[in-house]
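> pasting the sequence and the predicted coordinates here, then a few questions.
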Amino acid sequence: QAHVVESGGGLVQAGASLRLSCVASERAFSRSAMAWYRQVPGKEREFVAAISRNSGTTRYGDSVKGRFTISRDNALRTVYLMMSSLRPEDTAVYLCAVWPDYPLLEDAPLAGYTYWGQGTQVTVSS
């Protein structure tokens, strides 16, 4: 079972930037599709971004397109989420997800992830 740990959250003002990191212990990290989701109490978990095994494909939720960028470093078993132009409505717990041994090299799935981290809190003040 993969061990997934997020970091980089915090309290920022609207308009600021923040970079989240996620380290996964999955030995075959380079064969894993990776994604970020976010969760607000009382609301459904929301897809934020996903990245394919070879970084060739990225997908974003409509609410973050043009502001957030997902990337990965397979050598470091790390996926990043660069968040810019943050808004108060971006406030949430951000969760990293792993789909190990994903069969397609250049696909970034929107759902179906197996392993999840505990999340990191991002709070954006107005």
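Alright, I've got the coordinates.

> most centrally placed residue in the chain?
Trp36 (2.3 Å; Cα atoms, centre = their mean).

> in what helix or strand does it lie?
If you go by DSSP states H and E, Trp36 is part of strand 33-39.

> the residue nearest to the centre of the chain bridge partners, please.
Beta-bridge pairing for Trp36 (DSSP bridges): Ala49, Cys96.

> for it, what are its contacts?
Trp36 makes contacts with 20, 22, 48-50, 70, 79, 81, 94-97, as judged by Cβ atoms under 8 Å, 6 or more residues apart in numbering. Every residue, glycine included, has its C-beta placed from N, CA and C.

> returning to that earlier point: next, the buried residues of the strand holding Trp36.
The neighbour-count check on strand 33-39 (16 or more other Cβ atoms under 10 Å) flags 33-38 as buried.

> quick check: the two most widely separated of these?
Ala33 and Arg38 (17.8 Å; Cβ to Cβ).

> was I right about Val32 contacting Ala24?
Rather than Val, residue 32 is Ser. Yes - using Cβ atoms under 8 Å, Ser32 makes contact with Ala24 at a distance of 7.0 Å.

> which residues do these two both contact?
2, 98.

> and those two? which has more neighbours close in?
Ser32 (26 against 23; other Cβ atoms under 10 Å).

> ok, now which ones touch the more buried one?
For Ser32, counting by Cβ under 8 Å, 6+ apart, the contacting residues are 2, 24, 26, 53, 98-102.

> related to what we said a few turns ago, between the buried residues of strand 33-39, which is closest to Ser7?
When those are ranked by distance to Ser7 (Cβ to Cβ), Trp36 comes first, at 12.8 Å.

> give me the pLDDT value at that closest one.
We have a pLDDT of 98 for Trp36.

> and for Ser71?
Confidence score, pLDDT, at Ser71: 98.
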